[in-house]
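A.B. asks: Everything below, folded, please.
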Amino acid sequence: MQKVTKETYLKWYEDMMFWRKFEDKLAAVYIQQKVRGFLHLYNGQEAVLAGSLHAMDLTKDKMITAYRNHVQPIGMGVDPKRVMAELYGKATGTSQGLGGSMHIFSKEKGFYGGHGIVGGQIPLGAGMAFGDKYHETGAVSLCYMGDGAVRQGSLHETFNMAMNWKLPVVFVCENNGYAMGTSVDRTANHTDIWKLGLGYEMPCGPVDGMNPVKVAEAMSEAIDRARRGDGPTFLEMKTYRYRGHSMSDAQHYRTKEEVAEYKKIDPITQVKDVILDKKYATEDELAEIDSRVKALVKECEQFADESPYPDKSLMYDVVYEQEDYPFLPHKL
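C.D. replies: Predicted coordinates:
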């Protein structure tokens, strides 16, 4: 694993703080109806992404995930202004405003979505890895899913195939405790999700998903294994989300006390405590980072506000190949 240094901690702090504030802004503009439809926020789970990025080779490795997918592409190098514009449905967005919250995408930066179908990304992640093995690119695909998605049959089919073909893929369950509003212990006879890998003799295990160092260690080992040609790994990142499943979630299934307990191990706070304890930065220097983050979020918001909506004709252009398609509305 790459060494975790002072620079690593400062980068983690700034990145995670930005991701948190970026999505806090999204929550605010959602209430203003500037962002519509579904909005699933990542607050609390940032250490999973921060640790993973530390272990990846961003020049060739790929990432695919579910619909809680706004900050991952930013971590992979996508311009955050374009991500926010996509959420606004603007033409300057990553998918010209046609994908929205659940379908951020950037082939250029190795981020392959953003998938609204629960568990739909799992076989796709294996397919990406198969392509890399076939073409001998040396790349590894990271495939993320929630604790609810592991109940999909496609996971088992994919695990069997990935092990059989020794695909260079790391499967990651971000277990935040609830599939929408259903707790893990209500969906299966066991609560140790990582044990699903045992049935396929796939290397697997639990990871403290609130600590980016623990994530980076586990991900580095798994990525190295995949890159050597030894096949996939299944990791269960035990994490927590501070907001509801989506903005429409009233969160009746958990208590405020439970959320408060998990906020005591907030990944941003953990990183900040290490920075101050080891004297990597002072409170004033961290305040300067906070100011930079706030300014960048404001810049993203302004960009999205001022960007134009896509022309309506674009919606037909990306659906119909035949320009005079007889069933277009203007033909009726």
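A.B. asks: could you point out the longest helix in this protein?
C.D. replies: Scanning the chain for the longest helix, with DSSP state H as the assignment, gives helix 6-31.
A.B. asks: Report the distance from it to the chain centre.
C.D. replies: Chain-centre distance of helix 6-31: 13 Å, with CA atoms, centre = their mean, to the nearest Å.
A.B. asks: Just list the residues touching the nearest residue to residue 254 once chain neighbours are set aside, thanks.
C.D. replies: In this structure, residue 254 finds its nearest non-sequential neighbour in residue 178, 7.2 Å apart by CB to CB, 6 or more residues apart in numbering. Heads up, the C-betas are built off the backbone N, CA and C, glycines and all. Residues near residue 178 by CB atoms under 8 Å, 6 or more residues apart in numbering: 147, 184, 241, 245, 253-254.
A.B. asks: export those to CSV and tack on neighbour count?
C.D. replies: CSV is the format used below for the contacts of residue 178 (neighbours: other CB atoms under 10 Å):
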residue, neighbour count
147, 24
184, 19
241, 21
245, 21
253, 16
254, 14
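A.B. asks: from these, which is closest to residue 20?
C.D. replies: Relative to residue 20, the closest of the contacts of residue 178 is residue 241; by CB to CB it sits at 11.8 Å.
A.B. asks: what pLDDT, on average, does the longest helix of the chain get?
C.D. replies: For helix 6-31, the mean per-residue pLDDT is 98.
A.B. asks: ditto for stretch 295-302
C.D. replies: Across stretch 295-302, pLDDT averages out at 98.
A.B. asks: pull the CA atoms of that stretch into PDB?
C.D. replies: This file holds the C-alpha atoms of stretch 295-302, laid out as PDB (Å, rounded to 0.1, in the frame of the first residue of the first chain):
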ATOM      1  CA  ALA A 295     -15.800  28.800  -2.200                       C
ATOM      2  CA  LEU A 296     -15.600  25.800  -4.500                       C
ATOM      3  CA  VAL A 297     -19.200  24.600  -3.600                       C
ATOM      4  CA  LYS A 298     -20.400  28.100  -4.300                       C
ATOM      5  CA  GLU A 299     -18.600  28.100  -7.700                       C
ATOM      6  CA  CYS A 300     -20.300  24.800  -8.500                       C
ATOM      7  CA  GLU A 301     -23.700  26.100  -7.600                       C
ATOM      8  CA  GLN A 302     -23.200  29.300  -9.600                       C
END
